[in-house]
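S.K.: Mind looking at a prediction? Sequence and model below.
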Amino acid sequence: MEKDLREKLGIKPGSKVCLLRPDEDTISRLAGREVDLIVNGLEENCDAILYWIDRSKGIGEKMAFLQSKIKPDGRIWLIMPKKDVARKRNLAIDWDEVQKEVLKTKLVDNKVVAINEEEYGAQFVVRKKYR
């Protein structure tokens, strides 16, 4: 049996999770899963932030800001459409550019999961030397 979305994303019960620009499907898949959901808002000391992006430009600066909102051992999931879906939606998202920009911060990517048929998430965590 496939893990539920909370488990796939490594979100533990009792976690504070901020969703930025989420779709209704993801909200419903995480609601009632023993997590404190903050939809379209940020709080301090989040265990996880899920951020739906629609372009690569400026992502490094945004991720550096989001890092300030997570716990030292927290995670940021960048949720983005798969390449063919991004092209159909006319979105300017390039994974190589995203990764290059985010790696200039104190964050590093360490996991990728399918969110649904059209989107995937890349997990970024604070590098150990900065925790």
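M.R.: Perfect, thanks for sending it.
S.K.: and the longest strand for this protein?
M.R.: Longest strand in the chain by number of residues (criterion: DSSP state E): strand 70-81.
S.K.: Check which element follows that one along the chain.
M.R.: helix 83-88 (DSSP states H and E).
S.K.: In that following helix, which residues are buried?
M.R.: Buried residues in helix 83-88, counted by 16 or more other CB atoms under 10 Å: residue 86. Just so you know, the C-beta spots here come from the backbone N, C-alpha and C atoms, and that holds for glycine as well.
S.K.: Mean confidence (pLDDT) on it, please.
M.R.: Averaging pLDDT along helix 83-88 gives 91.
S.K.: what's next to it, contact-wise?
M.R.: 80, 93, 95, 118-119 (CB atoms under 8 Å, 6 or more residues apart in numbering).
S.K.: Equivalent analysis for stretch 118-131, please.
M.R.: With CB under 8 Å, 6+ apart, stretch 118-131 has contacts from 9-10, 50, 52, 63, 67, 70, 72-82, 85, 95, 98-99, 102, 106-115.
S.K.: Are any of the residues you listed buried, and if so which?
M.R.: Listed as buried from the contacts of stretch 118-131 are 9-10, 50, 52, 63, 67, 70, 74-82, 95, 98-99, 102, 106-107, 109, 115; burial here means 16+ other CB under 10 Å.
S.K.: got the contact list for residue 37?
M.R.: Contacts for residue 37 (CB under 8 Å, 6+ apart) come out as 17, 19, 27, 30-31.
S.K.: check contacts around the residue most central in space within the chain.
M.R.: For the chain, the residue sitting closest to the mean C-alpha position, by CA atoms, centre = their mean, is residue 77 at 1.6 Å. Residues counted as contacts of residue 77 (CB under 8 Å, 6+ apart) are 9, 48-51, 121-124.
S.K.: What pLDDT does the model give it?
M.R.: Value for residue 77, per-residue pLDDT: 98.
S.K.: for stretch 70-88, the distance to its chain's centre please.
M.R.: 5 Å (CA atoms, centre = their mean, to the nearest Å).
S.K.: Also stretch 93-102?
M.R.: When distances are taken as CA atoms, centre = their mean, stretch 93-102 is centred 14 Å away from the chain's centroid.
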